[in-house]
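A.B. asks: Mind looking at a prediction? Sequence and model below.
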Amino acid sequence: MKKLSCSLLMAGLLAFLSACAVKPGVYDLNPSQEKARQMSDQLMERQRLANQEKANAISHHRVWYAGFGLHSGSKAFLGDVQLVRQRLAEINPELISYSFDNEPHEDKLDAPFAHLGSIDQTARDIASQAKPDDVITIMLSSHGFTDLVAVEIGKKPSAPIWTRYLKTALAPLEKFPTVLIISSCYSGSMISQLKAPNRIIVTASAEDKVSYGCQALAHNTFFIDALFGSKLDADQNLMQVFEHTKELVAEREKKAKFDPSSPQIFVGEKMQAYAQQPLKSWLRSQQ
């Protein structure tokens, strides 16, 4: 009798959980659906045309930003895209920005999907319009593992982005001064393949370390919050900002009793001068 009661209780619990669960088809707009693809493509084209118009109106040095929140499992990834855009726009009100995210939506998308294809298309779009002295910032935020960043769109897992494919997608930007920011676990493992003379790469963790702040309802990852949060000082140069970021992350990790993530930085030979100048001197439009 006791066994039967337990079985009935378990059956009832499973029935209750099933009833409370999100029904299939809800919050699942993703690229496998024609309607969702069309919405994403339209948003991407609208964004492209608006940025093209803005870029054509700026005759001097321009600053570009493209942020990709690649995983729908945490609000932190979209939060990272938004925070970086906000801080860069505060430094440079003429910022030309692209935003992509994979937050779950039932009927209508707020932004184009973030995946390898959108990174590839955006890199080619920026490269077709950028001037030699324009500065480009690319930010990727997601879960990750060695040599890859994960992609989940509308709660549906998608193909991860391996470093070799990301390298190909970003190849059109190699001749332009570029800052690549990757906030994910094991992101330092991607540096060796992505290094280029005109590129600065900043990662949330070392090649064999995890990073933090990607729980479902988090606002930002630890790394992006430290790098672009309220304590960002645009009068400092990049190396100073990075060292301060490491300190802030380490303090937060120590308080939470987490293992160190050990953020990493690479500065290409043609970017050494940029890294030693105040951020505002090269992230602000120069007329």
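C.D. replies: Yes, it's here.
A.B. asks: contacts and neighbour counts: CA atoms only from here.
C.D. replies: Fine.
A.B. asks: I'd assumed residue 99 was in a strand, is it?
C.D. replies: Yes: residue state for residue 99 (DSSP: H, G, I helix; E, B strand; the rest coil) corresponds to a strand.
A.B. asks: Please name the residues that touch the nearest residue to it once chain neighbours are set aside.
C.D. replies: Closest residue in space to residue 99, ignoring its immediate chain neighbours: residue 67 at 5.0 Å, by C-alpha to C-alpha, 6 or more residues apart in numbering. Taking C-alpha atoms under 8 Å, 6 or more residues apart in numbering, we find residue 67 in contact with 81-82, 84-85, 97-100, 138-140.
A.B. asks: Likewise for residue 242?
C.D. replies: If you count contacts by C-alpha under 8 Å, 6+ apart, then residue 242 has 227, 265 around it.
A.B. asks: State the distance from residue 236 to residue 275.
C.D. replies: Noted for residue 236: a distance of 10 Å to residue 275, by C-alpha to C-alpha, to the nearest Å.
A.B. asks: my guess is residue 113 contacts residue 101, does it?
C.D. replies: Yes: between residue 113 and residue 101 a contact is recorded at 5.5 Å, counting by C-alpha atoms under 8 Å.
A.B. asks: Dump the C-alpha coordinates for the helix or strand that contains the residue nearest to residue 99 into CSV.
C.D. replies: Per DSSP states H and E: residue 67 is located in strand 63-69. Once non-C-alpha atoms are left out, strand 63-69 reads as follows in CSV (Å, rounded to 0.1, in the frame of the first residue of the first chain):
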residue,chain,number,x,y,z
VAL,A,63,33.5,53.5,-34.6
TRP,A,64,31.5,50.3,-35.3
TYR,A,65,30.0,47.8,-32.8
ALA,A,66,28.4,44.4,-33.4
GLY,A,67,27.2,42.4,-30.3
PHE,A,68,26.0,38.8,-30.4
GLY,A,69,24.0,37.2,-27.5
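A.B. asks: What is the neighbour count of the residue nearest to residue 107 when sequence neighbours are not counted?
C.D. replies: Taking C-alpha to C-alpha, 6+ apart as the measure, residue 107 lies nearest to residue 29, with 7.4 Å between them; neighbours along the chain are not counted. Residue 29 is flanked by 27 other residues according to other C-alpha atoms under 10 Å.
A.B. asks: if I pick residue 29, what's in contact with it?
C.D. replies: Neighbour list for residue 29: 36, 104-107, 109, 153-154 [criterion: C-alpha under 8 Å, 6+ apart].
A.B. asks: What's the separation between it and residue 217?
C.D. replies: Distance, residue 29 to residue 217, using C-alpha to C-alpha: 20 Å.
A.B. asks: How about residue 192?
C.D. replies: Distance of residue 192 to residue 217, given as C-alpha to C-alpha: 32 Å.
A.B. asks: Also residue 77?
C.D. replies: Spatial separation of residue 77 from residue 217 under the definition C-alpha to C-alpha is 10 Å.
A.B. asks: Helices along the protein, start to end?
C.D. replies: All helices of the chain, identified by DSSP state H, fall at 2-20, 34-56, 75-91, 116-129, 163-170, 191-194, 222-228, 238-256, 272-275, 279-283.
A.B. asks: got the buried residues for the longest one?
C.D. replies: Just to be clear, that refers to helix 34-56. Within helix 34-56, the residues that count as buried by 16 or more other C-alpha atoms under 10 Å are 36-37, 39-41, 43-44, 47-48, 51, 55.
A.B. asks: and of the residues you listed, the nearest to residue 119?
C.D. replies: Nearest to residue 119, judged by C-alpha to C-alpha, of these is residue 44 at 11.3 Å.
A.B. asks: show me the contacts for that closest one.
C.D. replies: Under the criterion of C-alpha under 8 Å, 6+ apart, the neighbours of residue 44 are 111-112.
A.B. asks: any idea of the pLDDT on it?
C.D. replies: Residue 44 is assigned 97 on the pLDDT scale.
A.B. asks: Residue 217 too?
C.D. replies: Residue 217 is assigned a predicted lDDT (pLDDT) of 87.
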